[in-house]
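**Q** Sequence and predicted model, in that order:
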Amino acid sequence: MEKSRILFVDDEINLLKSIKAMFRKQYSVDIAEGPEKGIKMIKNGNKYAVIISDLKMPGMDGIEFLHRVQKITPDTTRIMLTGHADVEAATLAVNRGHVFRFLTKPVQAEEMRRILDAAIKQYSLVTSEKELLRGTLRGCIRVLTDVLSVVSPETFSLSQRIKRLAVKTAERLGIRNTNQLELAAMLSQLGCISLSESTLHKIHSGEELTEIEQKEFESHPSISVKLLSNIPRLDQVIEIISKQNKSAEDFPDMPFESKIIKACLDFETFRSKGFDSSTAFSEMKKNIEWYDKDIIESLESAATIESHYEQEMLPVSRLKPGMIMNQNLSTPTGVLIIAKGQEIGDAILARLNNIARNNKLSDQINVLISKKTFKKN
């Protein structure tokens, strides 16, 4: 069993060495002579279950140090150690550093082991709970997107195209963490499951909507919000989706991710009407005040990259995850299985193979393959 990793921070190197020798058999012990070295070790990627810091240190006291630790690695259990009882320092340590224990020197070895074991248990509880929540969240999102793919493959295909464009646009803007944007893009069309089949058909074929149908369509983000509001940890995603159809001119303070999705959605709307990419951007620029100019420039670049695909006719047996459907694929009875523009994933591939075994699919399927992938294969 792997030993739990612990960091002791103090300005007395001899004390640190003796502590390391005392506990190295039970734990994986690192030491840092002073808070600056401690911060550097954490920022270098070292992950600690427990960090114990002395209170009185030159340059930065233990309270400030643990406060910074809490911001860098919030799951780590933090313990404060001081040479004298100080109620005010203890209060600050708890409130500012969010410490697990406040200990007064000297601490007997057995007492320290007991406290370290309790701190490690606390760390395990926190990390296990977070992993459980992450797994639950991923499962909920998977179920919702799977429902959308069954109810309306065309809408699911649109959400996948929006996700690809939005992530590539964000990358060109220098945004590294695109997790919330990706989730919002994937779930941006979820509310469309409430729309009538005729309205959905008009939307995806680029036909003009009636006034009633337009109002029905405009309500779909609020339906998405209602569906997602019961899932924990999605507050930011819900905020992004709720503003995805708003213009930057009317809502200048809306999330930047909403502005990206808005631009991608409008671009895809013009494309559904038969416009090529250049014409679609020309139409969007007629109302440039609706968008962030940097986003439009990055989206144009992303859309150009998106078009770098080779068309191929392949049997189901040669299809691979990452390829993109270049046709609507239906059963002999006319039920749409996969919509044009939808990216092939493992689940879809398994479904296609199952259907193909019953000889219900054409021998050759029109797909798009990234030119890089095409050249490699």
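**A** Nice, thanks for sending it over.
**Q** For the stretch 251-377 of the chain, just list every one of the helices.
**A** With DSSP state H, counting those that start in this stretch as the criterion, the stretch 251-377 of the chain has helices at 256-272, 277-285, 293-306, 346-356, 371-376.
**Q** Measure how the third one sits relative to helix 256-272, angle-wise.
**A** Just to be clear, that refers to helix 293-306. Orientation check (axes from the mean of the first three to the mean of the last three CA atoms, to 10 degrees): helix 293-306 against helix 256-272 gives 50 degrees.
**Q** Gly348 and Leu55, how far apart?
**A** Not Gly; residue 348 is Ile. Distance from Ile348 to Leu55, counting by CB to CB, to the nearest Å: 58 Å. Where you see a C-beta, it was placed from the backbone N, CA and C, and this is true even at glycine.
**Q** which residues in the protein form strands?
**A** 5-10, 28-33, 50-54, 77-82, 101-104, 309-314, 324-325, 329-330, 336-338, 365-370 (DSSP state E).
**Q** More neighbours: which of Ile348 and Leu55?
**A** Leu55 (25 against 21; other CB atoms under 10 Å).
**Q** What about the more buried one? Give its phi and psi, please.
**A** Leu55 has phi and psi values of phi -80, psi -50 when expressed as degrees, to the nearest 10.
**Q** Now do it, the pLDDT please.
**A** Per-residue confidence at Leu55 stands at 87 (pLDDT).
**Q** One more: the one 5 residues further on?
**A** Predicted confidence (pLDDT) for Met60: 90.
**Q** next one: Ile348
**A** Ile348 is given a pLDDT of 77.
**Q** Let me see the contact set for it.
**A** 338, 342 (CB atoms under 8 Å, 6 or more residues apart in numbering).
**Q** And Asp61, by the same measure?
**A** Here Asp61 is in contact with Leu55 (CB under 8 Å, 6+ apart).
**Q** how far away is it from Thr145?
**A** 49 Å.
**Q** Could you report the neighbour count for Arg101?
**A** Considering only other CB under 10 Å, Arg101 is surrounded by 19 other residues.
**Q** again with Asn179
**A** Asn179 has 10 nearby residues by other CB under 10 Å.
**Q** repeat for Asp292
**A** 18.
**Q** quick one: the helices in the stretch 1-150 of the chain?
**A** Counting by DSSP H, counting those that start in this stretch, the helices of the stretch 1-150 of the chain are 13-23, 35-43, 62-72, 87-97, 109-151.
**Q** orientation of the first one relative to strand 50-54 in degrees?
**A** When you say that, I think you mean helix 13-23. Using the same axes, to 10 degrees: helix 13-23 against strand 50-54 is 150 degrees.
**Q** Could you do the last one as well?
**A** With the same axes, to 10 degrees defining the directions, helix 109-151 sits at 140 degrees from strand 50-54.
**Q** Can we start the residue count at 16 from this point?
**A** New numbering, starting at 16: the last item is helix 124-166.
**Q** Who are the contact partners of Gly360?
**A** Going by CB under 8 Å, 6+ apart, the list of residues near Gly360 reads Pro336.
**Q** if we can go back for a sec, identify whichever of the helices of the stretch 266-392 of the chain lies nearest to Ser220.
**A** Nearest to Ser220, of all the helices of the stretch 266-392 of the chain, is helix 271-287, at 7.0 Å by CB to CB.
**Q** can you tell me the average pLDDT over that closest one?
**A** For helix 271-287, the per-residue pLDDT averages 94.
**Q** what do you get for stretch 86-104?
**A** For stretch 86-104, the per-residue pLDDT averages 80.
**Q** Endpoints of stretch 328-336, how far apart?
**A** Terminal residues of stretch 328-336 lie 15 Å apart, using CA to CA, to the nearest Å.
**Q** Just give me how far it sits from the chain centre.
**A** How far stretch 328-336 lies from its chain's middle: 29 Å, per CA atoms, centre = their mean, to the nearest Å.
**Q** Can you tell me what sits against it?
**A** Against stretch 328-336 from outside (CB under 8 Å, 6+ apart): 359-361, 364, 367-368, 371, 376, 378-382.
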